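*Asks:* Need a 3D model of the sequence below.
(2 chains)
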Amino acid sequence: MDALLLSRIQFGFVISFHILFPAFTIGLASWLMFLEWRWLRTREGVWWDLYKFWSKVFAISFGMGVVSGIVMSFQFGTNWAVLSERAGNVLGPLLSYEVLTAFFLEAGFLGVMLFGAQKVRPAVHFFCTCMVAIGTLISTFWIIAAISWMHTPQGHVLNNGVFAPGDWWQIIFNPSFPYRLAHMVLAAFITTCFVIGGTAAWHLRRGVQRDMALKMLKLSIAFGAIAVPAQVLVGDQHGLNTLQHQPIKVAAMEGHWHAGEPGAGVPLLLFGVPRQAQERNDYQMAIPRLGSLILTHSLDGEIPALTSVRPEDRPPVLPVFFAFRVMVGIGLLMLAVVLVSVWVWWRGRLAESVWTLRGWQLLSGSGFVALLAGWWVTEIGRQPWVIYGLLRTADAVSPHLQPGMVMASLAGYASVYSVIFGAGIWYLWRLLKKGPQVGETPPELGTPGAGAKTPARPLSAADEADIAQGARP
Amino acid sequence: MNPADLVLTAADGTAFWLPVAWLGVIGFGVLMYVLLDGFVLGLGILAPLSKDSDQLDHMMNTAAPIWDGNETWLVLGGAGLMAAFPKAYALVLSSLYLPVLAMLLGLIFRGVAFEFRFKGRGIARRAWGAAFSLGSLVAAFSQGVILAALVQGLPMEGGHYSGGVWGWFSPFAVMTGLALVCGYALLGAGWLILKTDGALHQQARGWARPLVVAVLGFMGLVSWALPYLDSRVMARWFEGSNVWWLAPVPVMTLAVAWWLWRDAALGPRQARPHDARPFLWTLALFALGFAGLLLGIWPYLVPPHLTIWGAASPPESQGFVMWGLVFLLPLILGYTGWSYRVFRGKVAADAGYH
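*Replies:* Take a look at the predicted model:
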């Protein structure tokens, strides 16, 4: 294997691993903001107990997001030196703004949020939670701006292959940015929503803190009932935007190799196995004209076919095709579970409906799968370009990289990430299994700085005792 | 080319000053990282000296609320370098592939250990303690190696790195790596003297003086080796009358070292100077060493190949972020300082998990 392929595998691996945690913490931070707001308004202990429980989950996920994120900020230089050299003028400032406006904000207020509840006034503590939550969203803004620019570049000046910024407004608000941002933020929220709802269903079935669990489940259903249909609409719009700017990616998503007869429309493939070399699909199951209806909102609309461009300008179709179906399939399952839940809730049988609870439990981690599948669609689908139409991935890799060296680093990341991912999942699972505890100490009321000499406890946001009991059956 | 000529050829005011200002920003970011994450990494380096698991809890507890913010300065260094000097970012990171990899893997273990160590029991707990310690050690040593490779000069041919996989390796790099390990350990000891009481405080005072000796020894060795390096970048120090103009830096270093030695002393509680002093003197020692380094390599980013003007991104890129920095950096320093203030004072030994 050459250094290019190894570098691509490595980048795909480290970024796929990384994105799981920010996506989860984007949703969790806003959820924590909501919980603490409820606690401040009602002063009911249950809200604070829930806050403490989920802040422990947040701490583990955030820590894993931070350490895997640092890898990302160096990855462009180590393996993609040519990309950095040519596009650093545009991408670097966007990433710098992410650090300045988001990472510092999150990190600066995280300590007080996790460890300082007894050291500041409740309102100040809530402010810290808000800053962390807003930080996660600002971070999404900048990173999606950078990624979207690579998909739909504009506002730059190209000199001898080097991109220089022309108009920053155009660079940031490039054509695919608003769609991608909305799609990603909703995806993060929905992923988190299903973890919360799934955990609540699990607790309801096991009889762990039933009142709190029911509260969480109802909130998840209410949120999902708005967010999941919204995501269907946003996803549709994002797809149309992609069709406009990256039609070949859409052709790969649809497995659409050849232009059909005029007026015949594009079918929707339910299943198929794309063959890149033969330029066709095997085992195809198709619904006529439905592809046209979805993509062009008409029955006989045409979309560009894969064979309309040279073979070397086509993305690998198979992974894009399947990842797209996984994402959409999970999305439809989520929609079904949410709609059934609303109906069961309306009939007043939510806590007893085993099948509804099972549905939530089954889908509790599905958001992560859908999220990864969606990213694979968009990132594999834009190949062979790293900056769409302007810089090929093959030309962006660091010169003089030794394959053995990249092999070593890939093996290093793979083994290290397996260890910390395994441990992290295990600790998260134990924490979630144990569930929220009743009677967590709320912030000291009206005595700012009273704890100046008290230790910063607990040591880590989720400590040993929190999960030790959780391990018991 | 003589650096002075390079300065003169950069005629336009903005094109001259923006990269200079950016060098200041990156330098400040790196210095903040070295000082702030330095003491946290130092805790990891000192971890094997802790008496038992409870004492390691105590050590990690002093940094638990702030380590993440400290590490963010490294991310600023990375992103800022890409924004302002993309050529240097691309060249340095792709050339120093393995040391950068080692640093990142070390930082991963160090970072997750803060969360995971308190969740495991028995062997898992000890394993995450070891991960904290080894991760810190590897990260610190790799940072020293990266620094050494830059000071030495990267082997280049035709504008590209030509050193291969191990081109950055040298006895000098090993020495600098060890020097940084000792330096961070000293920062960590100073931090423990400041933030703890009782047995751990006593131990930290016991570690401080030997570490001062080691750090000064390494500083002397590195300074002695500099003129013999191929890059000759540090040669400025010994050219003509420069050594007299630059003399305040080593003189102040020696003075600070003396005060540090004095204030790190063991002795009866009442007779001891303020607990913050050893830490503050160590910060000063690092700042002076960093200043000496910058004076030596100016105006290069990757000596002797890339100057700050040669590596600079266009003014549209540098200026765009500079505007944000002017407003955001004071804000960041403000709330970071506030966060430290919230957790001010000694962290008690019984600050256990419950």
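
*Asks:* Only C-alpha atoms from now on, for both contacts and neighbour counts.
*Replies:* Noted.

*Asks:* Would you agree A:Pro436 falls within a strand?
*Replies:* No - applying DSSP: H, G, I helix; E, B strand; the rest coil, one finds A:Pro436 to be coil, outside a strand.

*Asks:* Can you give me the distance of it to chain B?
*Replies:* 15 Å (CA to the nearest CA, to the nearest Å).

*Asks:* Report the spatially closest residue to B:Ala312, excluding sequence-adjacent ones.
*Replies:* Spatial nearest neighbour of B:Ala312, chain neighbours left out: B:Phe85 (4.4 Å); criterion: CA to CA, 6 or more residues apart in numbering or on different chains.

*Asks:* ugh, typo on my part, it should be B:Arg277
*Replies:* Per CA to CA, 6+ apart, closest to B:Arg277 is B:Asp263, 6.5 Å.

*Asks:* Next one, pLDDT for that neighbour please.
*Replies:* We have a pLDDT of 85 for B:Asp263.

*Asks:* Repeat that for B:Gln152.
*Replies:* 83.

*Asks:* which stretches of chain B form helices?
*Replies:* Taking DSSP state H, the helices of chain B run over residues B:3-9, B:13-46, B:53-61, B:67-84, B:86-95, B:97-116, B:123-152, B:171-195, B:198-225, B:242-245, B:248-263, B:277-297, B:308-311, B:315-342.

*Asks:* Mind giving me the packing neighbours of the host helix or strand of A:Ser16?
*Replies:* Element membership for A:Ser16 (DSSP states H and E) is helix A:3-42. Helix A:3-42 sits against helix A:45-79, helix A:122-151, helix A:177-206, helix A:366-381, helix A:403-434, with contacts defined as 3 or more CA pairs under 8 Å, 6 or more residues apart in numbering or on different chains; DSSP states H and E.

*Asks:* what do you get if the cut-off is 6 Å, keeping everything else the same?
*Replies:* helix A:45-79, helix A:122-151, helix A:177-206 (3 or more CA pairs under 6 Å, 6 or more residues apart in numbering or on different chains; DSSP states H and E).

*Asks:* In TSV: those, plus distance to A:Phe109 and mean neighbour count.
*Replies:* Shown next, in TSV, are these (distance: least, CA to CA, whole Å; neighbours: other CA atoms under 10 Å in any protein chain shown):
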stretch	distance to A:Phe109	mean neighbour count
helix A:45-79	13	23
helix A:122-151	5	22
helix A:177-206	21	23
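
*Asks:* Of these, give the one that comes closest to A:Val397.
*Replies:* The closest of the helices and strands packed on helix A:3-42 to A:Val397 is helix A:45-79. By CA to CA, the value is 5.9 Å.

*Asks:* do the closest one and chain B meet?
*Replies:* Yes - judged by CA under 6 Å from any CA of the partner chain, helix A:45-79 comes into contact with chain B at A:67, A:77-78.

*Asks:* So which elements touch that helix?
*Replies:* helix A:3-42, helix B:86-95.

*Asks:* repeat that with 10 Å
*Replies:* Helix A:45-79 sits against helix A:3-42, helix A:81-98, helix A:104-115, helix A:210-245, helix A:403-434, helix B:67-84, helix B:86-95, helix B:97-116, with contacts defined as 3 or more CA pairs under 10 Å, 6 or more residues apart in numbering or on different chains; DSSP states H and E.

*Asks:* model confidence over the shortest one, on average?
*Replies:* Average pLDDT, helix B:86-95: 89.

*Asks:* returning to that earlier point: now mean pLDDT too, for the helices and strands packed on helix A:3-42, in CSV please.
*Replies:* Shown next, in CSV, are the helices and strands packed on helix A:3-42 (pLDDT from 0 to 100):
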stretch, mean pLDDT
helix A:45-79, 91
helix A:122-151, 95
helix A:177-206, 95
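
*Asks:* Put together CSV for these, with distance to A:Trp257 on each row.
*Replies:* As requested, these are exported to CSV (distance: least, CA to CA, whole Å):
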stretch, distance to A:Trp257
helix A:45-79, 33
helix A:122-151, 22
helix A:177-206, 26
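
*Asks:* between these, which one is nearest to A:Phe368?
*Replies:* That would be, of the helices and strands packed on helix A:3-42 and by CA to CA, helix A:177-206, which comes in at 6.2 Å.

*Asks:* what's the burial count for B:Ala21?
*Replies:* Look at B:Ala21: counted by other CA atoms under 10 Å in any protein chain shown, it has 13 neighbours.

*Asks:* Repeat that for the one 3 residues further on.
*Replies:* Using other CA under 10 Å, the number of residues around B:Gly24 comes to 13.

*Asks:* And it, how far from chain A?
*Replies:* Taken as CA to the nearest CA, the span from B:Gly24 to chain A is 15 Å.

*Asks:* What's the per-residue pLDDT of residue 32 here?
*Replies:* Defaulting to chain A. 96.

*Asks:* try chain B instead
*Replies:* pLDDT, read off for B:Met32, is 94.

*Asks:* my read: A:Val340 touches A:Thr356, true?
*Replies:* Yes - between A:Val340 and A:Thr356 there is a contact under CA atoms under 10 Å: 7.3 Å.

*Asks:* where does the chain dip in pLDDT?
*Replies:* All of this is about chain A. A:444-473 (pLDDT under 70).

*Asks:* you looked at the wrong chain, it should be chain B
*Replies:* B:1-12, B:230-234, B:267-273, B:349-354.

*Asks:* returning to that earlier point: dump the residue contacts of the residue nearest to B:Ala312.
*Replies:* Counting by CA atoms under 10 Å, 6 or more residues apart in numbering or on different chains, B:Phe85 touches A:84-85, A:88-89, A:92, B:19, B:22-23, B:26, B:79, B:301, B:306-314, B:317-318.

*Asks:* tell me which parts of the stretch 251-354 of chain B are close to chain A?
*Replies:* By CA under 10 Å from any CA of the partner chain, the part of the stretch 251-354 of chain B that sits against chain A consists of B:311-322, B:324-325, B:328-329, B:331-354.

*Asks:* can we see that at 8 Å?
*Replies:* B:313-314, B:316-318, B:320-321, B:324-325, B:328-329, B:332, B:335-336, B:339, B:342-348, B:350-354 (CA under 8 Å from any CA of the partner chain).

*Asks:* what about B:Val25, how many neighbours?
*Replies:* With other CA under 10 Å as criterion, B:Val25 counts 20.

*Asks:* Quick check: it vs A:Pro304, distance?
*Replies:* The span separating B:Val25 from A:Pro304 equals 48 Å under the rule CA to CA, to the nearest Å.

*Asks:* ditto for B:Arg277
*Replies:* The gap separating B:Arg277 from A:Pro304 is 70 Å, by CA to CA.

*Asks:* do the same with B:Gly106
*Replies:* For B:Gly106 relative to A:Pro304 (CA to CA), the value is 48 Å.

*Asks:* Is B:Ala214 in contact with B:Cys182, as I believe?
*Replies:* Yes - with contact defined as CA atoms under 8 Å, B:Ala214 counts as touching B:Cys182 (6.8 Å).

*Asks:* Return the distance of B:Glu239 relative to chain A.
*Replies:* Applying CA to the nearest CA to B:Glu239 and chain A gives a distance of 35 Å.

*Asks:* quick one on the thing from earlier: are any of the residues of the stretch 251-354 of chain B next to chain A buried, and which?
*Replies:* B:313-314, B:316-318, B:320-321, B:325, B:328, B:332, B:336, B:339, B:342-343, B:345-348, B:351-353 (16 or more other CA atoms under 10 Å in any protein chain shown).

*Asks:* Now do the residue nearest to A:Leu110 when sequence neighbours are not counted against A:Phe58, distance only.
*Replies:* Nearest residue to A:Leu110, sequence neighbours excluded (CA to CA, 6+ apart): A:Val132, at 6.4 Å. Applying CA to CA, the value for A:Val132 to A:Phe58 is 11 Å.
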